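Undergrad: the following comprises the amino acid sequence and a computationally predicted model.
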Amino acid sequence: MTMLYFVTSNRHKYEEIQKMTRIPIEQKRLGYPEIQADTLEAVAEFGIEFCYSQLKTPCFIEDSGLFVDALSGFPGVYSSYVFKTLGCEGILKLLGKNKNRKAHFKSVIAYKTEKETTLFTGEVTGYITETQKGEKGFGFDPLFIPEGKSKTFAQMDAEEKNLYSHRGKAFKTFIKYIE
């Protein structure tokens with residue numbers, strides 16, 4: 001199998017995905033434009049077209065978001081920006097004492113070859129905690145508990161998180177496709 005290129009500047013995403021397969025994956029730190037769009041799919045498709053035009057070899061990117069029901073799906077496609085500007089505390093403040101803590105994480109992997117672009121998605125439903133919990137993971141992991149579980153993603157080790165996570169689900173589908 002030839003080398004797979006994962007275009008991301010996020011070392012945590014790269015390490016999560018690398019632990020899930022024996023396929024050789026190399027991280028490429030190629031900045032690409034993230035358009036403002038209504039869906040993760042649109043953002044991922046635009047991004048992978050740019051990456052492929054620069055690398056001229058098969059590659060993939062991953063875009064994900066946290067969608068909070070009580071906030072009408074916010075931060076959604078803007079999750080990375082919202083995390084950088086407001087952080088976990090900002091989401092907790094926005095939710096306040098709201099009893100509706102339902103949320104879901106969604107991940108979209110876009111893979112491009114010379115002939116086609118293919119998307120792979122994964123979702124996990126759960127809820128937002130009232131305080132941050134855990135030291136592992138990244139982003140909004142300390143706030144999110146998957147449905148039927150008692151720990152946040154940040155309280156789980158990487159192997160456990162990958163069993164339930166949106167990114168883990170999307171990547172498993174992607175790997176089956178590649179293999």
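TA: Yes, it's here.

Undergrad: what mean pLDDT does the longest helix along the chain get?
TA: The helix spanning the most residues in the chain, taking DSSP state H as the definition, is helix 40-55. Mean pLDDT, computed over helix 40-55, is 95.

Undergrad: who are the packing partners of that helix?
TA: Applying 3 or more C-beta pairs under 8 Å, 6 or more residues apart in numbering; DSSP states H and E, one finds that helix 40-55 makes contact with strand 4-7, strand 59-68, strand 102-112, strand 117-128. Just so you know, the C-beta spots here come from the backbone N, C-alpha and C atoms, and that holds for glycine as well.

Undergrad: got the contact list for stretch 160-178?
TA: The contact list for stretch 160-178 (C-beta atoms under 8 Å, 6 or more residues apart in numbering) reads 1, 4, 13, 16-17, 19-21, 23, 60, 62, 64, 104-109, 111, 118, 120-124, 136-137, 141, 146, 149, 153, 156.

Undergrad: residues near T57, how many?
TA: For T57, the count of nearby residues is 15 (other C-beta atoms under 10 Å).

Undergrad: CA atoms only: put the helix or strand hosting R167 into PDB for me.
TA: Taking DSSP states H and E as the definition, one finds R167 inside helix 166-178. What follows is helix 166-178 as a C-alpha-only set of coordinates in PDB (Å, rounded to 0.1, in the frame of the first residue of the first chain):
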ATOM      1  CA  HIS A 166     -17.500  10.500  15.300                       C
ATOM      2  CA  ARG A 167     -14.000  10.600  13.900                       C
ATOM      3  CA  GLY A 168     -13.500   6.900  14.800                       C
ATOM      4  CA  LYS A 169     -16.700   5.900  13.000                       C
ATOM      5  CA  ALA A 170     -15.900   8.000   9.900                       C
ATOM      6  CA  PHE A 171     -12.300   6.700   9.800                       C
ATOM      7  CA  LYS A 172     -13.300   3.000  10.100                       C
ATOM      8  CA  THR A 173     -15.600   3.400   7.100                       C
ATOM      9  CA  PHE A 174     -12.800   5.200   5.200                       C
ATOM     10  CA  ILE A 175     -10.300   2.500   6.000                       C
ATOM     11  CA  LYS A 176     -12.700  -0.300   4.700                       C
ATOM     12  CA  TYR A 177     -13.000   1.700   1.500                       C
ATOM     13  CA  ILE A 178      -9.200   2.100   1.100                       C
END
